[in-house]
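> Let me see the structure of the following:
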Amino acid sequence: MKTIMIMYDSLNRHYLPNYGGGLAKMPNFKRLGEKTVTFDNCYVGSLPCMPARRELHTGRLNFLHRGWTPLEPFDDSMPEILKQNGIYSHIISDHQHYWEDGGATYHNRYSSWEIVRGQEGDPWKGDLRPVEGKANFGLQPSPPFLQNIRRQDLVNRSYMKSEADFPQAQVFEKGLAFMETNKDADNWFLQIETFDPHEPFFTPEEYKELYRENNEEPFEYDWPPYGPVMEDADFVSKVKKKYLALLSMCDNYMGKLLDKMDELDMWKDTMLIVNTDHGYLLGEHLWWAKTVMPTYNELAHTPLFIWDPRSGIKNERRDALVQTIDLAPTILDFFGLPLSPDMQGHPLGGTIKSGKHVREYALFGFFGSHINITDGHWLYMRAPACKENMPLYEYTLMPNHMRFRMSPKELSDLHLEEPFSFTKGVRTLKINSSINFNNLLPHYRFGHKLFDLKADPGQLSPIDNPKKELELIREMAGLMRENDAPGEQFERVGIPKDGNMTAEILLKQREERLASEAPAYLPDYKWEREAIWQFDILLSISHGMAADLPGQFEAFLKAGDKISKDSVYAFAKTVIPEEHWEPALYTMEMVSRLG
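Modelled structure (predicted):
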């Protein structure tokens, strides 16, 4: 028995033809769907890159205890369990985060490993000569550290003269070579992992040509920022084409993998898993990338394809709710190995064979942001309860960030915490994370959001349904307890750790939140949350144009009106000159995204 996992980074399911995407030219992904079971209801657990990979190894959620992290000494690693039980495990990857401080304990869990250099800002080539190209993106300036990474990326690109030099091409070449070399061997697991289609969206010209219109001018920007869209629709469209080009490159190499499985007749005894860590925003909800906005479905609802030779089912779909944490149990079960007692995921063999459901609800999120829950129909995002997003601590024995170690300042007030249920009797460091997360993520301002995914699959219109919200809060609390979440996570989002959330508590929280946000002016009116942020920015952008704006607004309103976003817009048109209306509207819309 053998298993091959093809793992992508930042693969947005909405662009794939298997999930209704009509823009990307991806015939081999269509072919993949014909050879596997396609999962329609797969969700992430923890985001972004290394938190997702920790779940891939351990089969349990990461984001309630830790942010970006190496594997911990007490973690059970699926590839290492395979190795310890005579199943050879091998990883080939160009994902540079594996070789940085924040991921350096992953690759040695495998029997052997190969790396490919040069993706993103990988500090690969030491070339101090001037480089051509822009290290900025569009209208948005980059901080110095990011400028350095982007300059390094331009250096790396200069050493990629042909498609064969591109990291993804080399990763798949090495993967195909492993398959050929070991075709007659048994009991091995191969992880072929490419950083693509993660930004920057850099491809050979032939893939860009697939999406280039007649007489279209060259467009060099291919590295979106992590923030709101400040560019026009044409700019966004051109960046999407860069992403589509990279998807087509991914599709090409997927085809080579499928060809090799055909050639070596591997379908009879080899499981194939194709997955990703999370999706990516390309202007949806007026955002780029990930992390700073709510975890919309473009990020959380991911593609997943599995071929299981035991059941031999292909070209079918499954609607069971599954997550990243199910992949390690699925692989161990395929090789006939018991699961670690600390794994929370479920083997998916039964789901593939008969559609068996393995959970009712999925919990997911970024460390320090919203805590999210879905049953596939409803999705609820629970925001921090206070503006300071506190309390918030990380629990670890590996105090590293992505590219550097935690600083002495961060570690100056650490404490030892009593063991969690999954730390095998070991105490961990308890590190205050307010330094990094207090003002970085504005998730308090986004507020709680409830979506009916059946009626609103694009998550364009949050709804107000206190009964459903209360139901999902209670389910969320139950899953948090099952995960042995630290007490401050409950406190941070305003959920009782012990006992049930009640309608009375929820109503009181709503009233307190609205009261804390309500402006000092027009106190006799009820303000909708978005309207508060909209009017604040209107005060700013109309400075010098209109005196006593709150007074004028009160005269504009009808008695007893509830102040809404629409009423602020309507009033704004009366006080801002017409020639300034378009930029004012844009600015107000930008602010509403943060509200």
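
> going forward, measure contacts between C-alpha atoms and count neighbours the same way
Noted.

> Got the domain ranges for this protein?
Domains of the chain are assigned by automatic domain parsing as 2-357, 366-503, 513-594.

> can I get those in CSV with mean pLDDT and mean neighbour count?
Formatted as CSV, the domains of the chain follow (pLDDT from 0 to 100; neighbours: other C-alpha atoms under 10 Å):
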stretch, mean pLDDT, mean neighbour count
domain 2-357, 95, 19
domain 366-503, 92, 18
domain 513-594, 78, 15
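
> Can you give me the distance of the closest residue to E163 other than its chain neighbours to S162?
The spatially closest residue to E163, leaving aside those adjacent along the chain, is P204, at 6.0 Å (C-alpha to C-alpha, 6 or more residues apart in numbering). If you measure P204 against S162 using C-alpha to C-alpha, to the nearest Å, the figure is 7 Å.

> ditto for L538
52 Å.

> next one: D234
29 Å.

> Start and end of stretch 296-305, how far apart?
Its first and final residues considered, stretch 296-305 spans 21 Å by C-alpha to C-alpha.

> Not counting it itself, show me its contacts.
11-14, 32-33, 36-44, 272-281, 284, 290, 364, 458-459 (C-alpha atoms under 8 Å, 6 or more residues apart in numbering).

> now, which of those lie within helices?
Counting by DSSP state H, those place 32-33 in helices.

> Just the terminal-to-terminal distance for stretch 180-194.
19 Å.

> what do you get for stretch 123-137?
First residue to last in stretch 123-137 (C-alpha to C-alpha) measures 20 Å.

> Break down the stretch 1-150 of the chain into its helices, ranges please.
27-35, 49-58, 78-84, 144-157 (DSSP state H, counting those that start in this stretch).

> Any idea which of those gets closest to A169?
helix 144-157 (13.9 Å; C-alpha to C-alpha).

> dump the residue contacts of the closest residue to W188 other than its chain neighbours.
Nearest non-adjacent residue to W188, counting by C-alpha to C-alpha, 6+ apart: Y88, 4.5 Å away. Contact analysis of Y88 by C-alpha under 8 Å, 6+ apart lists 82, 110-111, 187-189.

> Would you quantify the distance from P130 to Y569?
49 Å.

> who's the spatially closest residue to L411 that is not a sequence neighbour bridged to?
Counting by C-alpha to C-alpha, 6+ apart, L411 lies nearest to I431, which is 6.5 Å off, once chain neighbours are set aside. Under the criterion DSSP bridges, I431 forms beta bridges with E394.

> how near is I431 to M160?
Counting by C-alpha to C-alpha - I431 and M160 are separated by 42 Å.

> Okay, and L507 sits in which element?
If you go by DSSP states H and E, L507 is part of helix 503-517.

> Show me what that helix is in contact with.
So helix 503-517 is contacted by 466-467, 470, 527, 529, 532 (C-alpha under 8 Å, 6+ apart).

> List the ones among those residues that fall in strands.
The members of those that map onto strands under DSSP state E are W527.

> just checking, which of the contacts of helix 503-517 belong to helices?
Filtering the contacts of helix 503-517 for helices - DSSP H - leaves 466-467, 470, 529, 532.

> Distance to Q152 added to these, as TSV?
Listed next are those as TSV, based on distance: C-alpha to C-alpha, whole Å:
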residue	distance to Q152
P466	50
K467	52
L470	49
R529	43
I532	43
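
> ok now the longest helix along the chain, how far from the chain's centre?
Using DSSP H, we find that the single longest helix of the chain is helix 233-263. Between the centre of helix 233-263 and the centre of its chain there are 19 Å (C-alpha atoms, centre = their mean, to the nearest Å).

> Stretch 334-347 too?
Its chain's C-alpha centre lies 25 Å from the corresponding centre of stretch 334-347 when counted by C-alpha atoms, centre = their mean.

> returning to that earlier point: output the contacts of helix 503-517 in JSON lines, with distance to N214 appended to each entry.
Listed next are those as JSON lines, based on distance: C-alpha to C-alpha, whole Å:
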{"residue": "P466", "distance to N214": "52"}
{"residue": "K467", "distance to N214": "54"}
{"residue": "L470", "distance to N214": "54"}
{"residue": "W527", "distance to N214": "50"}
{"residue": "R529", "distance to N214": "46"}
{"residue": "I532", "distance to N214": "46"}
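
> ok, the residue nearest to K526 when sequence neighbours are not counted - contacts?
Closest residue in space to K526, ignoring its immediate chain neighbours: K562 at 5.1 Å, by C-alpha to C-alpha, 6+ apart. K562 is in contact with 525-528, counting by C-alpha under 8 Å, 6+ apart.

> Format these as a markdown table; extra columns: distance to L557.
Putting the contacts of K562 into a markdown table (distance: C-alpha to C-alpha, whole Å) gives the following:
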| residue | distance to L557 |
| --- | --- |
| Y525 | 10 |
| K526 | 12 |
| W527 | 12 |
| E528 | 14 |
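
> ok, of those, which one's closest to P338?
E528 (52.5 Å).

> How about the contacts made by the closest one?
Contacts for E528 (C-alpha under 8 Å, 6+ apart) come out as 562-565.

> Just these: which are in strands?
Filtering those for strands - DSSP E - leaves 562-563.

> Return the member of the contacts of E528 nearest to F178.
K565 (58.3 Å).

> ok, now how distant is the closest residue to the closest one other than its chain neighbours from C386?
Counting by C-alpha to C-alpha, 6+ apart, the nearest residue to K565 once its immediate chain neighbours are dropped is A531, at 4.3 Å. Note on A531: its distance to C386, by C-alpha to C-alpha, is 19 Å.

> ok, the residue lying farthest from the centre of the chain to A477 distance?
Computed with C-alpha atoms, centre = their mean, the residue of the chain farthest from its C-alpha average is A555, at 45.4 Å. Here A555 is placed at a distance of 45 Å from A477 (C-alpha to C-alpha).

> What of A518?
Counting by C-alpha to C-alpha, the gap from A518 to A477 is 29 Å.

> Ok, K468 next?
Relative to A477, and taking C-alpha to C-alpha, K468 is found at 14 Å.

> can you pull the contacts of Y380?
Shown in contact with Y380 (C-alpha under 8 Å, 6+ apart): 372-374, 448-451, 469, 472.

> Can you classify it as helix, strand or coil?
Per DSSP: H, G, I helix; E, B strand; the rest coil, the secondary structure class of Y380 is strand.

> what's across from it in the sheet?
Here Y380 sits in beta bridges with I373, L450, going by DSSP bridges.

> what about the strands in the stretch 51-200 of the chain?
Here the stretch 51-200 of the chain has its strands, by DSSP state E, counting those that start in this stretch, at 88-93, 112-115, 188-193.

> Now that Y221 has come up, it's in contact with F137, right?
Yes: the pair Y221 / F137 is scored as a contact, 6.1 Å apart, by C-alpha atoms under 8 Å.

> Any idea how far the helix or strand hosting E298 is from the middle of the chain?
Assigned by DSSP H and E, E298 belongs to helix 297-300. Remark: helix 297-300 is offset 7 Å from the chain centroid, using C-alpha atoms, centre = their mean.

> do the same with stretch 299-310
Distance, centroid of stretch 299-310 to centroid of chain: 16 Å (C-alpha atoms, centre = their mean).

> End to end on that stretch, go ahead and measure it.
Per C-alpha to C-alpha, stretch 299-310 runs 31 Å from first to last residue.
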